[in-house]
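>>> just the structure for this:
(4 chains)
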Number of protein chains: 2
Amino acid sequence: MVFHFRKQFPQLNLYWDKYLPFQQRLEVPAKTVLLEEGKVSQHYTFIEQGCVRAFFLKDGDDKTVQFFFENEGFSSIDSFVNEVPSSLTIETIEPSVLYLLPRTYVLQLLDELSHEPGFMSMLLKITASRQRHYNDELLSFIRDTPEQRYQRLLTDRPHIIRRVPQHYIASYLAVSTVHLSRIKSKLAKGKPHF
Amino acid sequence: MVFHFRKQFPQLNLYWDKYLPFQQRLEVPAKTVLLEEGKVSQHYTFIEQGCVRAFFLKDGDDKTVQFFFENEGFSSIDSFVNEVPSSLTIETIEPSVLYLLPRTYVLQLLDELSHEPGFMSMLLKITASRQRHYNDELLSFIRDTPEQRYQRLLTDRPHIIRRVPQHYIASYLAVSTVHLSRIKSKLAKGKPHF
DNA sequence: TAAATTTGATAACATATGTTATCGTCACGG
DNA sequence: CCGTGACGATAACATATGTTATCAAATTTA
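The predicted structure is shown next:
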């Protein structure tokens, strides 16, 4: 889902830069829907400033699956390669500055890159590591209690907790906001902070 | 995780058959450990007869992640490509007949195949679809109650329920055996079967 | 075949988590 | 400056799920 071209493959920057002119700059307020569940993603989106989440609806309330921040990009390779509709809605959390690269250019870029020696094996490694990531998320859901997942978030990715409103965190941990409050107050008791 | 060479790519059978002589036939009783958590997988394993499960330990009891049956093969591409230790234990459920193809030959086979035109894109498609599968499993865990997951298993893959002892099903659904019993008896009330 | 083990159901109680309601704080636009 | 809404804490109660114990049936093993 996340796809860090620049970070993971700086040697591809030349190619990437060639497509910069085709990117569309977009400034949007918080709670702007960037991609709706059921529609096919039409852009690769890069976040220059702000913060975004992916979620789906279950009965009335939503379940957050992933957060994205500055200098991260997103799009579903699946959706691009196979033009399948997205199962997730993507929405800004904060006012954000985005750069959109239309689908056509992404495909063109991928095509160019495929002639680059070793690109395919890199792509395989990327997909393998993404897979490992999703695998870990799944295992964490099976293995850990909500409290443990919250603690992991706290130690591994504290910036998320600092920055994202708590009800989105609850939605991400798949617990109610009330229960997340309970978890926090329980942890606070154990470790007074002064 | 699962990798259906033959099923998904019959045009590759020629290559595959070339390696048949290097396979080792293995007949094992139930509850035989085929791969231990923390060790690197040394074979691609094909199941001719029997049934196998992958699981990991959490505190005392185990969580089943996946079942495998006749004419299915398994191994972690990750583990093969990157030689990372497996996070899962793999164990037979029934007495089984297996064919093992050692790691070396698998790598050799992959190398040969990589010269086959279009193989890489096929591999990408495979990994994409595996990813979708794991994604769906994760979403199902977030979205559905244990009861709903059981019903889905019942309608989508009834052979698993028919064949696998119930405590493994409970372990797969990540509920206690007691609760699975409750679910079953509740469903039985709603729909008497005669 | 008899004993031992595995499998599954059920009851009773304990714990985890959800739901609803209430309250307080804070930010922001009139 | 005030109202309004977003955000978060907490209490009270409801429901879901786990744990332990017990029993019965089926299956394996000696």
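>>> for stretch A:175-189, buried residues please.
Going by neighbour count (16 or more other CB atoms under 10 Å in any protein chain shown), the buried part of stretch A:175-189 is A:175, A:180, A:183, A:184. Using the backbone N, CA and C atoms, a C-beta is placed for each residue, glycine as well.
>>> just the ones of those in helices?
In this view, these that belong to helices under DSSP state H are A:180, A:183, A:184.
>>> about what we covered before: of the buried residues of stretch A:175-189, which is the nearest to DNA strand C?
Taking CB to the nearest atom of the strand as the measure, residue A:175 is the one of those closest to DNA strand C, at 3.7 Å.
>>> per-residue confidence for that closest one?
Residue A:175 is assigned a pLDDT of 96 by the prediction.
>>> distance-wise, check it relative to chain B.
11 Å (CB to the nearest CB, to the nearest Å).
>>> tilt between the biggest helix by length in chain A and helix B:119-143?
When chain A is parsed with DSSP H, its longest helix is helix A:119-143. With axes from the mean of the first three to the mean of the last three CA atoms, to 10 degrees defining the directions, helix A:119-143 sits at 20 degrees from helix B:119-143.
>>> may I see the buried residues of helix A:119-143?
Quick answer for helix A:119-143 (16+ other CB under 10 Å): A:119-120, A:123-124, A:126-128, A:130-132, A:134-135, A:137-139, A:141-143.
>>> ok, now stretch A:34-41?
Using 16+ other CB under 10 Å as the test for burial, stretch A:34-41 gives A:34, A:35, A:37, A:41.
>>> ok, that stretch near chain B or not?
No. Between stretch A:34-41 and chain B, judged by CB under 8 Å from any CB of the partner chain, nothing touches; the nearest distance is 11.8 Å.
>>> still on that earlier bit, pull out the buried positions in the helix or strand just after the longest helix of chain A.
Per DSSP states H and E, the first helix or strand lying C-terminal to helix A:119-143 is helix A:146-156. By neighbour count on 16+ other CB under 10 Å, the buried set for helix A:146-156 is A:146, A:147, A:149, A:150.
>>> can you narrow those to ones near DNA strand D?
Residues of the buried residues of helix A:146-156 in contact with DNA strand D (CB under 7 Å from any atom of the strand): none.
>>> among those residues, which pair sits farthest apart?
Largest separation among the buried residues of helix A:146-156 by CB to CB: A:147 and A:149, giving 7.3 Å.
>>> ok, which stretches of chain A are strands?
A:24-28, A:33-35, A:43-49, A:52-58, A:61-68, A:73-74, A:89-92, A:96-102 (DSSP state E).
>>> what about the longest helix of chain A, near chain B?
Yes. Using CB under 8 Å from any CB, helix A:119-143 reaches chain B at A:120, A:123-125, A:127-128, A:130-132, A:134-135, A:137-139, A:141-143.
>>> same question, stretch A:49-67
Yes. Judged by CB under 8 Å from any CB, stretch A:49-67 and chain B are in contact via A:56, A:58, A:63, A:65.
>>> quickly check those for the two that are furthest apart.
The span of those, defined through CB to CB, is set by A:58 and A:65 at 11.3 Å.
>>> more neighbours: these two, which one.
The residue with more neighbours, out of residue A:58 and residue A:65, is residue A:65; 23 against 14, by other CB atoms under 10 Å in any protein chain shown.
>>> got the residues of chain A near chain B?
A:56, A:58, A:63, A:65, A:77-78, A:81-82, A:87, A:120, A:123-125, A:127-128, A:130-132, A:134-135, A:137-139, A:141-143, A:174.
>>> which parts of chain A sit against DNA strand C?
A:145, A:146, A:147, A:174, A:175, A:176, A:178, A:179, A:182.
>>> farthest-apart pair in those, please.
Greatest spatial distance among the residues of chain A next to DNA strand C (CB to CB): A:145 and A:178, at 16.0 Å.
>>> so what's the nearest residue to residue A:75 once chain neighbours are set aside bridging to?
Nearest-residue entry for residue A:75: residue A:44, 4.4 Å, with adjacent residues in sequence omitted and distances by CB to CB, 6 or more residues apart in numbering or on different chains. Under DSSP bridges, the beta-bridge partners of residue A:44 are residue A:101.
>>> quick check, residue A:44 in contact with residue A:107.
No. Contact criterion CB atoms under 8 Å: residue A:44 and residue A:107 do not qualify, at 10.0 Å.
>>> higher neighbour count, these two?
Using other CB under 10 Å as the criterion, residue A:44 and residue A:107 rank with residue A:44 on top: 24 against 13.
>>> distance-wise, check that one relative to DNA strand D.
Note on residue A:44: its distance to DNA strand D, by CB to the nearest atom of the strand, to the nearest Å, is 28 Å.
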